[in-house]
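*Asks:* Pasting a predicted model and its sequence here:
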Amino acid sequence: MSDQAKQDRPEQAEFRAQCRAWLAANPLPEPPVRLPQSAIEIMHTAQLEYLRDWQRQAYEAGMVGCDYPVASGGAGRRDCQLIANQEMQRAGRPFLPNILGLGMAAPTIQIHGNDFQRENLLPRLFSCADIWCQGFSEPGAGSDLANVQTRAERYGDGWRITGHKVWTSLAHFADWMILLARSDRAHKYEGMTYFVVPIKANLGKTVTVRPLIKITGETGFNEVFFDGLEIPDHYRVGEIGQGWEVAQTTLLHERGAGPWVTPSSGRGGDPERNIADAWGLLELARRSPRAGRTAADDPVLRDRIMQLIIRQEGSRQGARRARVPALCDHPQRIPLQAKLVMSEIRQDVCALAMELQGAAGTLSIGDANAPEGGEWALGYLNSYGVTIAAGTNEIQRNILGERVLGLAKSK
Amino acid sequence: MSDQAKQDRPEQAEFRAQCRAWLAANPLPEPPVRLPQSAIEIMHTAQLEYLRDWQRQAYEAGMVGCDYPVASGGAGRRDCQLIANQEMQRAGRPFLPNILGLGMAAPTIQIHGNDFQRENLLPRLFSCADIWCQGFSEPGAGSDLANVQTRAERYGDGWRITGHKVWTSLAHFADWMILLARSDRAHKYEGMTYFVVPIKANLGKTVTVRPLIKITGETGFNEVFFDGLEIPDHYRVGEIGQGWEVAQTTLLHERGAGPWVTPSSGRGGDPERNIADAWGLLELARRSPRAGRTAADDPVLRDRIMQLIIRQEGSRQGARRARVPALCDHPQRIPLQAKLVMSEIRQDVCALAMELQGAAGTLSIGDANAPEGGEWALGYLNSYGVTIAAGTNEIQRNILGERVLGLAKSK
Amino acid sequence: MTQPKDFGFDADAALLRDTARQFLLDQLPTEALHRLVASDHDPHRAPTNNWNPALWRQIVELGWTTVAVPETAGGAGLPLVALAALAEEVGRAALPSPFLATAAATLVLRQCQGAGTRDLLGEIAAGRTATLAITPRSGAWETAACDLYLDNGKLHGSAWYVQDAAKAEVLIAKAAHRDGLALVAVPVTAAGVELVPDSILDLTRDQAHVHFHGVAVDTAQILAAPGAGAATLDAAWPGVLTLVAADLCGAGEWLLQTTAEYARTREQFGRTIGFFQAIKHPLVNLMIQLDHARSLTYNAACALDHEPERAPALARMAKAAAADAGAFGASRAIQFHGGIGFTWECAVHLYTKRQKHNQILYGDASYQRARLAELLFGV
Amino acid sequence: MTQPKDFGFDADAALLRDTARQFLLDQLPTEALHRLVASDHDPHRAPTNNWNPALWRQIVELGWTTVAVPETAGGAGLPLVALAALAEEVGRAALPSPFLATAAATLVLRQCQGAGTRDLLGEIAAGRTATLAITPRSGAWETAACDLYLDNGKLHGSAWYVQDAAKAEVLIAKAAHRDGLALVAVPVTAAGVELVPDSILDLTRDQAHVHFHGVAVDTAQILAAPGAGAATLDAAWPGVLTLVAADLCGAGEWLLQTTAEYARTREQFGRTIGFFQAIKHPLVNLMIQLDHARSLTYNAACALDHEPERAPALARMAKAAAADAGAFGASRAIQFHGGIGFTWECAVHLYTKRQKHNQILYGDASYQRARLAELLFGV
């Protein structure tokens, strides 16, 4: 029995056994194309359709959204999503593609949305019938998110949306978007309202999606232009003027605090998963030639690998400690670190992996001689997406310094 | 012939030979007490008198202030002070004790002072007949130096000084102080005036010096209280209201840019001298046991020693490059780095030295078994004096970012 | 075996920790600590040993010395995470006391098989103080390194870097014998024991080297027979490292909170200095480092109880993380306090010096990582 | 010998450098560079070799390829600090060209004694391009490591990580012979030479591995006789490292200035982001690192001319400092450009990838420091 299973309550143990049995009985076919490193790098329809099919099966097997109420399309379980995640990972299954829906839209809608949204949108989100994206950032509102300029104007009983969002991962495939818009220009924070908006249904009409290219050369994120998109009022999430508050729930989940705040949601970024695992450096070092021996024989590189393993384990044990209030001085102290710490560890792990490879670190994805197909170099470049997105890590440090240490606001 | 000598112009070569001959012919007696690591840690009169006597001899031999005009007590030479410094160091002579006078007061008076000050004060400064200190910082004006509150009020033809200075090194021995005071409360930067003020002559009257104790337990810096000290107007340096501008000259020298701005002045902090030299770590590592061998056999420590040697050599070669305008993109770029870089290297060298010593790094000065008498640990603690003083290194980074990179002011 | 979710930190442990924290806040506020240990600022002063034995007697009454002693030997036998949490509070208060040395000795004794072990553990629970005398003059932390010899029932040689030696009543000494290493209990008052105090940087403890001039040892004093000493010490070692890590975490948290408080109140340029990211961001980095170190410390402590086979690696991780966090925090605390941080009167230096000592003690961060790499790479 | 105060950077060198900088600004502004090398963004594209041969012909006319060629061989024979300054400009422009590879080959040729050496140097001065083929499949940078064999006048085996191979006309190949290493000049068009391009991260150069299928070599092609190759290459190596360090410094400076410009103009929270010390201070740290690396690079270049016995250590210092500064700057440039820095359209990625390549090339910073430690510790 695994370490994880040892800690289960009886109903969790039973659920874990169900997951394990289903996964054993229902193997996935080999992917028809190379899969990207995470959902936000999905470029091709063939990748998406394979992953979407997998998420649908996982949902039907009760492993997605299972901690949500039945009315929202969930299974009404408690503390079981983490178990499903562990078992899916243990079985070597790929990530779930609807990451932005599962990780951000679903908890926000569950907490702040209305019954219409919960009952109609969440089941299709969990089953991957609908793909979701997030419309927060704008050209002039990156770190300064409260500077959002996209307008939501009253129009009869509904709203008309006009503006320009950027860095919108998955928008090129998305059916729906969670949107932060300005409903009142007179107030900065109190002038924002939060919506769910249909994207695909309005493409070529009032919605335009223009793909952006990443530094890796991959596509997967986009600019989205709204030219008077009309939506009914029941697509609003939370009260008028409360958008900033609602968005905080989304951001808390985006930044990795989700598992400590609300039912975890099977997203890729939780502490149980790590694309670039520091422990993987041990094996890479053993295989990498260096100065006549291997990188594993180089004490300086060993030291740096140990530093990263220690940081990663520190972060993992921190996730465990955050669930033991008696061992935490401040409830937000560890949760607010999650995105910051994980993204920087990932970046440093990938950078060190490239160094371990020596000359072969020059090779890129697709080269026949690149160690592990060049995935480390690609991972290194993609790691900046995470250190920049969801509030740059500089902003994360402000938040920690201000909310946890009580220091004066830096802006 | 040394490397340094190879680069001399003929008149410099002649001067170097003179210095060398004099130093060979005039050995110093052994000090009667342990000498501190630098002038600002002089605690006892016995230390001071020994060092003062040495500076007087060096002055009489033409090795102090020699690039200053004859009217200021100098020898009217050009580019010779550096040579004198090199030769004094080469001969193993101790530092000159009047460091604050030589390094800061003298160039400021030479540039901004009047004939009275140059002719009467500088010769006694060079000969160490008078000890000098610097009265800039106050309890509420540390990094924010422009917040100086010590008042200079007009009084007949003179000025009356009232206020409170802190972190005043050498004040307990000082005859004179360079003082930055507020002559006009209505203006922040334009409201300051710069003076030279007699300290020792007014002790117990309008001047009180209270010693402070450093984290090392050493004394050597002080609080100075002025209770209506009266001085004549010809003790003013520069125009009324121009104190901030005059102080910039002092600070430029304090921060190590002096050698590139005006004749170097035999102070301890110039790039030719370094109490905690990274190269010294090689020998320390060879002597320090570690894991059954020596620290010199530990590749991780070797790597860290190399990092420090490289930084130190980078800084030294930078000092050389700063004198070759064609190889510098911006004239202030390297000079403004001097204090910041040297102080952090020194701190890191001392910290690494303590680590190299392993268990023996726990021992303090005076312990019979402490490597090199515990000087490294003392040097480590004292290094914070330099990373904090003369504008903390955080302030130095602001200055570099703003003046050299043109970034917006951070305050 | 696997670890409990809560690191074994149960209600008893929480009560012990909370009581300890309040006790130290009440009994040894920072100003009292400064008066106690920093009255003589002369760097050339003779070796000192400033502590408060009356406070120690109260601590014994509070039961701190029973925590790691098994119930079978008259102790409380709490999970080791409780001991780590207690060590953290000791670090937070920078308490000068024989607590750490005695706790380390206790952890070693728990692994011993010698006849007198149980009695000695019982005495420790009741307040007898002890310390390890296991390090050679070279300062080598490796088990095999030894300058003390057991020959014909007598101890000759020396032990160095003995922690809080002047506060200890019993030395747990490692001695080389022709059959291998042994562990021996030696009262400091035994004939032939000569204790020479060291001058050290840390003002909150004492340290000494001890010469053994033919000190007679009888069978009852043998805690681990010749040949059994190395394995015994190795088994205890993760616990000893974890204790030091915990002390580093506690003192590190004091430095973080004290510096944050200064940054919330000290004004420059019309703002409290915590406004400036040059202060704010390093403090956040320190907080993250401390959180990692603290989580790893509980993890290592819990492993000692629940998966001892993993404890050696996990304790190396904890000590490495805590040593780095300790050094970084000590450095930033002085720097961010500015001029006042450079003065003797500001308590920051007491903690900074304690952190430097603990950073070094039993191996600094890169030493721990080198040992960890041997475990993880299998060489 | 000792170094001149000005690193030997005389008026000729300054003119050459200033002219080069302006030429590259005029002829290859960043937008043109991006069009040239980044038109195909598919990460799975076939290996590419995007450069501008017409620009290269102008560069040859400007005399860049004569700089390091001795006057006796028809070159300009300038101080090597001039070559370093030129390499810095090449890095600043991220110029795709055979300049670096040819300059490295030139530095090796300067150490060669073979009969054909002088003629080849003359041809290089006149514009013939060359590159080193000296690295085995393992990527080992050590002189002795070799997968290419010279036997009975024929070359068998392979050379890997050959820089800008698709732009080179001559390979300077290192080959193992029973009498020791030899250096051989091989035209890429020679029968039996098979060049296989690599897919690499850096878009501003090409790289290949080269198979030698019994390539015939005559005496005139032997640049260093069997047994003489190792010493020859070792003598040239400090210069080769210095070239890469200079390229890193130049590209690093571009990244610093470009990011500073962005920080002076991009607004968030109603201020330009350079106001924030989270941006300002790392940029200052980068500037300091770059200044150290650049000073060390000139120092190493000057040592090659004036005190070759110190050049091996000084070149290791320069490459180590430049590699660290390069990596740090590349990382901060992306991060501080925020979302836009993560896009293909922003030229930062071109420089970042070039920095990553040069950071690795001929050994990264920790590799250089390990070799430096061997020199300084004498082991």
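*Replies:* Looks like it came in fine.
*Asks:* tell me the pLDDT at residue 130?
*Replies:* Just going to use chain A. At A:Asp130, the predicted lDDT confidence score is 97.
*Asks:* Hmm, no, I was thinking of chain C.
*Replies:* pLDDT, read off for C:Ala130, is 98.
*Asks:* That one contacts C:Val170, doesn't it?
*Replies:* Yes - C:Ala130 sits in contact with C:Val170 when judged by CB atoms under 8 Å, with a separation of 4.3 Å. The C-beta positions use only the backbone N, C-alpha and C, and glycine is treated the same way.
*Asks:* Overlap in contacts, these two.
*Replies:* C:105, C:120, C:185 (CB atoms under 8 Å, 6 or more residues apart in numbering or on different chains).
*Asks:* which one of the residues you listed is nearest chain A?
*Replies:* Chain A lies nearest to C:Ala105 out of those, by CB to the nearest CB, at 26.2 Å.
*Asks:* So out of everything in the stretch 1-150 of chain C, what residue is nearest chain B?
*Replies:* Counting by CB to the nearest CB, the stretch 1-150 of chain C gets nearest chain B through C:Gly139, at 2.8 Å.
*Asks:* so where's the stretch 301-411 of chain A shaky on pLDDT?
*Replies:* The stretch 301-411 of chain A contains no residues with pLDDT under 70.
*Asks:* Next, count neighbours for the closest residue to A:Val33 other than its chain neighbours.
*Replies:* Nearest residue to A:Val33 in three dimensions, chain neighbours excluded: A:Ala46, at 4.8 Å (CB to CB, 6 or more residues apart in numbering or on different chains). By other CB atoms under 10 Å in any protein chain shown, 14 other residues sit near A:Ala46.
*Asks:* quick one: A:Ala46 and A:Pro31, what's the gap?
*Replies:* As judged by CB to CB, to the nearest Å, A:Ala46 and A:Pro31 stand 8 Å apart.
*Asks:* Could you measure from the residue nearest to A:Val33 over to D:Leu62?
*Replies:* A:Ala46 is 50 Å from D:Leu62, by CB to CB.
*Asks:* Just to be sure, A:Gln307 is in a helix?
*Replies:* Yes - using DSSP: H, G, I helix; E, B strand; the rest coil, the assignment for A:Gln307 is a helix.
*Asks:* How many residues are close by it?
*Replies:* A:Gln307, neighbours per other CB under 10 Å, totals 20.
*Asks:* quick one: it and C:Arg369 touch, right?
*Replies:* Yes - with contacts defined as CB under 8 Å, A:Gln307 counts as touching C:Arg369 at a distance of 6.7 Å.
*Asks:* Spatially nearest residue to A:Pro32, not counting backbone neighbours?
*Replies:* A:Pro32 sits nearest to A:Ala46 (CB to CB, 6+ apart), 5.7 Å away.
*Asks:* Mind pulling the model confidence for the one you found?
*Replies:* 94.
*Asks:* and if you look at the one 3 residues further on?
*Replies:* Confidence at A:Glu49, expressed as pLDDT, is 95.
*Asks:* On the three-state scheme, it is what?
*Replies:* Under three-state DSSP, A:Glu49 comes out as helix.
*Asks:* ok, it - contacts?
*Replies:* Per CB under 8 Å, 6+ apart, neighbours of A:Glu49: none.
*Asks:* How much space separates it from A:Thr219?
*Replies:* On the measure of CB to CB, A:Glu49 and A:Thr219 end up 16 Å apart.
*Asks:* Next secondary structure element downstream of whichever strand or helix holds the residue nearest to A:Val33?
*Replies:* Secondary structure from DSSP states H and E places A:Ala46 in helix A:45-60. Downstream of helix A:45-60, the next assigned helix or strand under DSSP H and E is helix A:81-90.
*Asks:* Give me the angle between that next one and helix A:45-60.
*Replies:* Computed by axes from the mean of the first three to the mean of the last three CA atoms, to 10 degrees, the angle separating helix A:81-90 from helix A:45-60 equals 130 degrees.
*Asks:* Quick check: chain neighbours aside, which residue is closest to residue 249?
*Replies:* No chain specified, so I'll use chain A. A:Thr108 (5.0 Å).
*Asks:* try again with chain C
*Replies:* C:Arg294 (4.6 Å).
*Asks:* The helix or strand encompassing A:Arg304 near chain D at all?
*Replies:* Assessed by DSSP H and E, A:Arg304 sits inside helix A:299-321. Yes - judged by CB under 8 Å from any CB of the partner chain, helix A:299-321 and chain D are in contact via A:300-301, A:304.
*Asks:* so that helix versus helix B:299-321, what angle?
*Replies:* 110 degrees.
*Asks:* Return the residues in contact with whatever residue of the stretch 251-400 of chain A ends up closest to chain B.
*Replies:* Residue nearest to chain B within the stretch 251-400 of chain A: A:Pro299 (4.0 Å; CB to the nearest CB). A:Pro299 makes contact with B:298-300, C:370, C:373, according to CB under 8 Å, 6+ apart.
*Asks:* What of C:Asp291?
*Replies:* C:Asp291 neighbours (CB under 8 Å, 6+ apart): A:314, A:318, A:321, A:333-334, A:337.
*Asks:* Likewise for A:Gly135?
*Replies:* Counted by CB under 8 Å, 6+ apart, A:Gly135 has contacts A:150, A:165, A:168, A:171, A:177-180, A:197, A:224.
*Asks:* Can you verify my assumption that the residue nearest to A:Thr249 contacts A:Ile178?
*Replies:* Yes - if you go by CB under 8 Å, A:Thr108 and A:Ile178 touch, sitting 6.4 Å apart.
*Asks:* shared neighbours, those two?
*Replies:* A:194, A:237, A:250.
*Asks:* Reformat those as JSON lines; add distance to chain C and neighbour count.
*Replies:* JSON lines is the format used below for the shared contacts of A:Thr108 and A:Ile178 (distance: CB to the nearest CB, whole Å; neighbours: other CB atoms under 10 Å in any protein chain shown):
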{"residue": "A:Tyr194", "distance to chain C": "28", "neighbour count": "29"}
{"residue": "A:Val237", "distance to chain C": "31", "neighbour count": "26"}
{"residue": "A:Thr250", "distance to chain C": "22", "neighbour count": "26"}
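*Asks:* ok but A:Gly241 is inside a strand, no?
*Replies:* No - read with three-state DSSP, A:Gly241 is coil and lies in no strand.
*Asks:* Could I get the full set of strands for the chain?
*Replies:* Since no chain was named, I'll use chain A. A:132-135, A:151-155, A:158-165, A:176-182, A:192-198, A:207-212, A:221-231, A:236-237, A:289-290, A:293-294 (DSSP state E).
*Asks:* That was the other one, I meant chain C.
*Replies:* Going by DSSP E, chain C shows strands at C:130-133, C:148-151, C:154-163, C:170-177, C:180-187, C:193-197, C:207-216, C:222-224, C:267-268, C:271-272.
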